[in-house]
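S.K.: based on what follows, work out the 3D shape:
(one chain, ligands or ions: 2)
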Amino acid sequence: MAHQDEPCRILVMASGNGSNFQALIDAIAGDAIPNSRITRLIVNRAKAFATTRAEKAGIPWEYFNMISNGFLAKGEKDETKIAEARKQYDAALAEKILKLDERPELIVLAGWMWVFSSEFLRPLEEVGIKVINLHPALPGQFDGAHAIERAYEDLKAGKIQYTGIMVHYVIQEVDRGDPIMIQEIEWEGEDLEALEAKIHEHEHELIVKATAKVVREIVEARRK
Ligand SMILES: Nc1nc2c(c(=O)[nH]1)N[C@@H](CN(C=O)c1ccc(C(=O)N[C@@H](CCC(=O)O)C(=O)O)cc1)CN2
Ligand SMILES: NCC(=O)N[C@@H]1O[C@H](COP(=O)([O-])[O-])[C@@H](O)[C@H]1O
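M.R.: Numbering: from 1, shown residues only. Ligands and ions are numbered 1, 2, ... in the order given. Predicted coordinates:
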């Protein structure tokens, strides 16, 4: 448990552009997320631009990938081997995080495109590390990857009248953890590219507000 007045240690995980990671960097610098520090970025894709953002912000980062780090041979198609490799990768990733000199109090998945098994989630839960995720859909609407594209198809088909985004706690069931913050987003007939841009703008605000809320809860819990 961190000392009462120490900054809340946040570890961010990303797989791509990292614009939400950047929103967190900027929010902490501008005190929109008070008394916090991003101690590390972990990416699972070598070309994730999030690493450039980390470099510019002076945040340590590392690349950790199931194939590149030797848990599965490239091109392996055997489902049993893949399933076992995923578990070993997840367990190793959790162990890596738990062994950090600066163990995080909060992990934020900011465009982390990898489904975690209990081999990752359980060891972190056991020591009280919270894991939260930004997802570009409303609870129970479009779980999983490519949510915006799927929402767009249903909007065009008139199956839904609006979409939204959320930040939620991460449990094993993908995108079914308790929501922390939810925001509905109107569709005004724009095309997919414009809708994605609008959603991303709202995401950059929501991830900051939701992270700040969880940080407050963490800091308050230290005092108990
Ligand atoms: N156990 C959980 N793991 C993750 C959660 C979660 O709620 N529970 N949230 C996701 C983030 N996410 C949606 O918000 C998500 C990301 C990726 C995928 C997915 O299908 N990934 C594939 C690989 C896809 C690719 O590499 O392009 C996979 O893991 O095999 C689904 C949902 C983060 N993890
Ligand atoms: N299922 C998870 C998922 O789809 N996450 C989405 O990845 C994007 C990351 O953007 P970024 O790399 O620019 O932050 C964001 O739109 C986020 O909601």
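
S.K.: look up how far ligand 1 lies from the closest residue to ligand 2 within the chain.
M.R.: Ligand 2 sits closest to Gly111 of the chain, with a gap of 2.5 Å, by C-beta to the nearest ligand atom. Where C-beta positions appear, they are placed from N, C-alpha and C, glycine not excepted. With the distance defined as C-beta to the nearest ligand atom, to the nearest Å, Gly111 ends up 8 Å from ligand 1.

S.K.: that residue touches Gln22, doesn't it?
M.R.: No: between Gly111 and Gln22 there is no contact under C-beta atoms under 8 Å: 10.8 Å.

S.K.: contacting residues for Glu203?
M.R.: By C-beta atoms under 8 Å, 6 or more residues apart in numbering, the contact set of Glu203 is Ser19, Asn20, Ala23, Leu134, Pro136, Ile165.

S.K.: would you mind listing what in the protein touches ligand 1?
M.R.: Residues of the chain lying near ligand 1 by C-beta under 6 Å from any ligand atom: 109, 112-116, 133, 135, 144-145, 170, 172, 174-175, 177.

S.K.: and Thr51, what helix or strand is that in?
M.R.: Secondary structure assigned from DSSP states H and E places Thr51 in helix 50-57.

S.K.: how many neighbours does the residue of the chain closest to ligand 2 have?
M.R.: By other C-beta atoms under 10 Å, the residues close to Gly111 number 23.

S.K.: export the helix holding Thr51 as PDB, just CAs?
M.R.: Below are the C-alpha coordinates for helix 50-57, written out as PDB (Å, rounded to 0.1, in the frame of the first residue of the first chain):
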ATOM      1  CA  ALA A  50       1.900   4.900 -28.100                       C
ATOM      2  CA  THR A  51       5.600   4.100 -27.500                       C
ATOM      3  CA  THR A  52       6.500   7.400 -29.300                       C
ATOM      4  CA  ARG A  53       4.200   9.200 -27.000                       C
ATOM      5  CA  ALA A  54       5.800   7.500 -24.000                       C
ATOM      6  CA  GLU A  55       9.300   8.500 -25.200                       C
ATOM      7  CA  LYS A  56       8.200  12.100 -25.600                       C
ATOM      8  CA  ALA A  57       6.700  12.100 -22.100                       C
END
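
S.K.: just the buried residues of the helix or strand following that helix, please?
M.R.: As assigned by DSSP H and E, the chain's next helix or strand after helix 50-57 is strand 61-63. Within strand 61-63, the residues scored as buried using 16 or more other C-beta atoms under 10 Å are Trp61.
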